[in-house]
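Trainee: pasting the structure only:
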C-alpha cells in the first residue's frame, strides 16, 4: 500500500524533508529548546530543513517514528521557531499557506512508512498538534483522552484490538 507524497509546490525552493539515520546533532537544538531533551537514540528520524542565507540548510522541524509491533509510534515533534523567524516574509507566508512544517513532515513520513506500518499511534494532548494530525488522518481512540491512531490498512477486529491494547499499555510516549 504505497502512499505518495509531494511537498507543497509553494515550498519546493526552500524546504526539503528527509529521513536521516543519525539525528543526534541535526535535531539537538530544536529538541533542547522545545522539550529540554536530547534526540532519542532509537527509532526513525525525520527532519524538515529550510534554506537559509548563502544556501545553508537549517533543521527546522523534527519528528521520531518508533517501530512497535507492526505499527509505528509518532513522538517528539518539534518546530524550531528561531529558524523559522530567520526566513523572509514570503517564505513564512508560504509555510503558513501550506499548513506548516509539521503537516508537511507528517504527511511525508506517513507515506514513507505506510508499507511497513499498519498504523501509527500518537499520544497527543496539545490542541495545536492535534489540529494538524487530524489533517493527516489521525483519529482519537474513543475511550482515551490523548491516544490517537492513523490506520494505514484494515485489520481483523481481534488484531486491531490487541494492537491498540499493546499501545495503551505503554502509557504516555
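Mentor: Structure received. Nothing here was measured: the structure is a model prediction, and the numbers come from that model.

Trainee: what's the distance between the longest helix along the chain and the middle of its chain?
Mentor: Counting by DSSP state H, the longest helix found in the chain is helix 100-113. Averaging C-alpha positions (C-alpha atoms, centre = their mean, to the nearest Å) puts helix 100-113 6 Å from its chain's average.

Trainee: Name the next helix or strand following the helix or strand bottoming out on mean pLDDT in the chain along the chain.
Mentor: The helix or strand of the chain with the poorest confidence is helix 28-35; it has a mean of 91 (mean pLDDT, DSSP states H and E). Counting by DSSP states H and E, the next helix or strand C-terminal to helix 28-35 is strand 44-51.

Trainee: so what's the residue nearest the centre of the chain up against?
Mentor: The chain has residue 106 as the residue nearest its centroid, 3.9 Å off, counting by C-alpha atoms, centre = their mean. Listed by C-beta atoms under 8 Å, 6 or more residues apart in numbering, the contact partners of residue 106 are 63, 74, 77, 132, 133, 136. Any C-beta I mention is one placed from the backbone N, CA and C, and that applies to glycine too.

Trainee: all helices of this protein, in order?
Mentor: Ranges of helices within the chain are 28-35, 81-85, 89-97, 100-113, 127-135, 157-168, based on DSSP H.

Trainee: Could you give me the buried positions within the fourth one?
Mentor: So the one you mean is helix 100-113. Using 16 or more other C-beta atoms under 10 Å as the test for burial, helix 100-113 gives 100-110, 112-113.

Trainee: Tell me the one of the residues you listed nearest residue 70?
Mentor: Closest to residue 70 out of those is residue 113 (11.3 Å), distances taken as C-beta to C-beta.

Trainee: Is it correct that that closest one is in contact with residue 44?
Mentor: Yes: Residue 113 lies in contact with residue 44 (C-beta atoms under 8 Å); the separation is 7.1 Å.

Trainee: Between those two, which contacts overlap?
Mentor: Common neighbours of residue 113 and residue 44 (C-beta under 8 Å, 6+ apart) are 65, 72.

Trainee: Next one: residue 61 relative to residue 144, how far apart?
Mentor: 26 Å (C-beta to C-beta, to the nearest Å).

Trainee: of these two, who's got more company?
Mentor: With neighbours defined as other C-beta atoms under 10 Å, residue 61 and residue 144 compare such that residue 61 has more, 26 against 13.

Trainee: which strand residues sit across from the more buried one in the sheet?
Mentor: Beta bridges link residue 61 to residue 48, residue 79 when assigned by DSSP bridges.

Trainee: Quick one, grab the pLDDT at it.
Mentor: Residue 61 carries a pLDDT value of 97.

Trainee: All set, thanks.
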